[in-house]
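Chemist: 3D, please:
(chains A and B)
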Amino acid sequence: MFRRLPDAASPTVTLTIDGQSIAARPGDSVAAALLAAGIVTCRTTPVGGVPRAPYCLMGVCFDCLVTIDGQGSRQACLTRVRDGMRVDTQRGKRVAGR
Amino acid sequence: MTALLREAYELAVVGAGPAGLAAATRAAALGIDTVLLDEQASPGGQIHRAIAETPVQDHAVLGADYWRGAALVDAFRASGAAYVPGASVWSVTRGVELGLSIDGAAHVMQARRVILATGALERPMPIPGWTLPGVMTVGAAQILLKTGGLVAERPIVLAGSGPLLWLFARQHLAAGGRIAALLDTTPRDNRGRALPHLPAFLRSPYAVKGLRLIAAVRARVRVISGITALRAEGDTQLRAVAYRRGDGAEQRVATELLLLHQGVAPQLNLALAARVAPVWNDAQRCFHPAVDAWGTTAVDGVAIAGDGAGIAGAEAAVWHGRVAALDAACRLGRIDRAARDRAAGPERAMLERWTRGRRFLDALYRPADSFVVPADATVVCRCEEVTARQVRDAVALGAAGPNQLKAFLRCGMGPCQGRLCGLTVSELVAATRGVSPAAVGYYRLRPPVKPITLGELASLPKSRGAVGAVVRG
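Modeler: You can find the predicted model right below:
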């Protein structure tokens, strides 16, 4: 869905999303990294079970909630990628204890 | 400059956009022990987002107004104020005590005064299908460009109204992106209402810039104006945008990315949770916190600067931030009132210069009823998936305002805490009851204004007195 401008090429950070390895730029938020990798849907809603994607990318909509390194409902747009980070998409509610 | 958080400062500034950067810089220059707290990882706010690290190095892409932010950041860095990025402030309570989270750990800090510079967010634009993946705000796409050099691969559709719509269109084109259509929802009647404010606008710094911008976009993009209805279509992902002009037949444009925008509104959550009252601004069709000419509120120790106090734009926010810092210096005993007033003279002149022309823009881009009071089937509260029909039905059953609707429908009670539905719900209730949103009011907001876990709260350091107050024996 998105491509990088030539200036922004050469992603050097590797993270996994649902077990699949993706590359990102060091300054990327997790939400930006997912969109750059062509992963459009990041969760399903607790109420209707419908797919959602990052919507505002500035920390106000909470539609980009994902599980990061085992911790549920983190705002992907406010979390920077780190090498070796494990990201999982969420199905419905945050699992208790995560 | 980046500092470990101390337990107390004289002045805390929340938000590192134009207003916060300018306020913190000015305050530090006046000898005030200042900390700037910001939720983002680097300074600039949304307008100058990622300015110190953006991979988009061709200055023609983001434009001169974006790059002007570099001087603000440089001045702040040289100011001696402390800077704590990645800090989400979730409460401002009497004292002044701030609750905040950094990297998943909660902290409490004291300040004698606080200036909230939390800026604006995009006004919600609830249309059928706006929750589908493939629909984002214009601001979101702009953030992807600024922070990651990311541009949509295939032609996009832009829909809505207001300066940011046109600015992003130009940035997107300059970055090599393509636009299938720009669907302009600006109501035609607005022109007549804006006309009396045209002379002031023409004398403002915005006139030439704005006209050039729109002409540049129109020369390269299919602009369809007078749009009265929009719908995002798709099953699990956006496939097309359906639109209508007046009473005309519905038409359709295929796309995988629809960007919505209809102006911005102040971010209210932190200010209102600190018990500052909301005030309805009919010209801008939004609420803003009650502040005086210095940005000072009726809540002891709390001031608000920049777009968070009322929408006036990035340039005005700088001068508003400086004025708020002068008042803080006066209240902290650094300067007397006469010195404050003297120093504020030139700053107020600049503030006046950069707010000139605003009333024209407010009138011209005031959103249409049909895009702020949605049709029955449209989702209003994205978190709890509450539709406009449910809100209307609850009002018919006797829910008089937004706070009763929380009990009826849970709208506004999801993780976004009403940020994406608050204005819509107030407008919907007002329209259903036939009164002004001023009479309906806004959600009552309480700390924490960001979701934090009980574990995070429990990990806060506690005094013996606090423990003794709740532990028996």
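
Chemist: What separation do you get for the residue in chain A that chain B sits nearest to and residue B:176?
Modeler: Nearest residue of chain A to chain B: residue A:8, at 2.6 Å (C-beta to the nearest C-beta). Every residue, glycine included, has its C-beta placed from N, CA and C. Shown here: residue A:8 relative to residue B:176, a distance of 12 Å by C-beta to C-beta, to the nearest Å.

Chemist: Tell me the confidence at the residue positioned nearest the centre of chain B?
Modeler: Centroid-nearest residue in chain B: residue B:120, 1.4 Å away (criterion: C-alpha atoms, centre = their mean). We have a pLDDT of 98 for residue B:120.

Chemist: so what's it bridging to?
Modeler: residue B:266 (DSSP bridges).

Chemist: any idea how far it is from residue B:98?
Modeler: 21 Å.

Chemist: what does residue B:392 give?
Modeler: Relative to residue B:98, and taking C-beta to C-beta, residue B:392 is found at 39 Å.

Chemist: And the two? Which one has more around it.
Modeler: Neighbours were counted for residue B:392 and for residue B:98 using other C-beta atoms under 10 Å in any protein chain shown; residue B:98 has more, 26 against 17.

Chemist: correct me, but that one touches residue B:112?
Modeler: No: taking contacts as C-beta atoms under 8 Å, residue B:98 lies outside contact range of residue B:112: 11.6 Å.

Chemist: Output the set of residues of the stretch 51-200 of chain B in proximity to chain A.
Modeler: B:53, B:55-58, B:61, B:88, B:104, B:121-122, B:131-137, B:139-140, B:143-144, B:147-154, B:175-176 (C-beta under 8 Å from any C-beta of the partner chain).

Chemist: Pull out the buried residues from these.
Modeler: Neighbour counting by 16 or more other C-beta atoms under 10 Å in any protein chain shown classes B:55-56, B:61, B:88, B:121-122, B:131-137, B:139-140, B:143-144, B:147-152, B:175 among these as buried.

Chemist: contacting residues for residue B:193?
Modeler: Neighbouring residues of residue B:193 by C-beta atoms under 8 Å, 6 or more residues apart in numbering or on different chains: B:363-364, B:366.

Chemist: Narrow the residues you listed to those in helices?
Modeler: Among the contacts of residue B:193, the members found in helices (DSSP state H) are B:363-364.

Chemist: if we can go back for a sec, so which of the residues of the stretch 51-200 of chain B next to chain A belong to strands?
Modeler: B:88, B:121-122, B:135-137, B:150-152 (DSSP state E).

Chemist: Now do the closest residue to chain A within the stretch 101-250 of chain B, the pLDDT please.
Modeler: Nearest to chain A, among the residues of the stretch 101-250 of chain B, is residue B:149, at 2.6 Å (C-beta to the nearest C-beta). If you check residue B:149, the pLDDT there is 96.

Chemist: Residue A:95 too?
Modeler: We have a pLDDT of 69 for residue A:95.

Chemist: do the same with residue B:257
Modeler: 98.

Chemist: How about the contacts made by the nearest residue to it once chain neighbours are set aside?
Modeler: What sits nearest to residue B:257 in space, not counting adjacent residues and going by C-beta to C-beta, 6 or more residues apart in numbering or on different chains, is residue B:156, at 4.5 Å. Counting by C-beta under 8 Å, 6+ apart, residue B:156 touches B:141, B:172, B:177-180, B:255, B:257-259.

Chemist: again, 7 Å this time
Modeler: Shown in contact with residue B:156 (C-beta atoms under 7 Å, 6 or more residues apart in numbering or on different chains): B:177, B:179-180, B:255, B:257, B:259.

Chemist: Next: residue B:252.
Modeler: B:240, B:242.

Chemist: how about it, secondary structure?
Modeler: When classified by DSSP: H, G, I helix; E, B strand; the rest coil, residue B:252 comes out as strand.

Chemist: returning to that earlier point: which of the contacts of residue B:156 ranks first by neighbour count?
Modeler: residue B:259 leads the contacts of residue B:156 on contacts (other C-beta under 10 Å) with 25 neighbours.

Chemist: could you list every residue that touches it?
Modeler: Applying C-beta under 7 Å, 6+ apart, the residues near residue B:259 are B:136-138, B:141, B:156, B:158.
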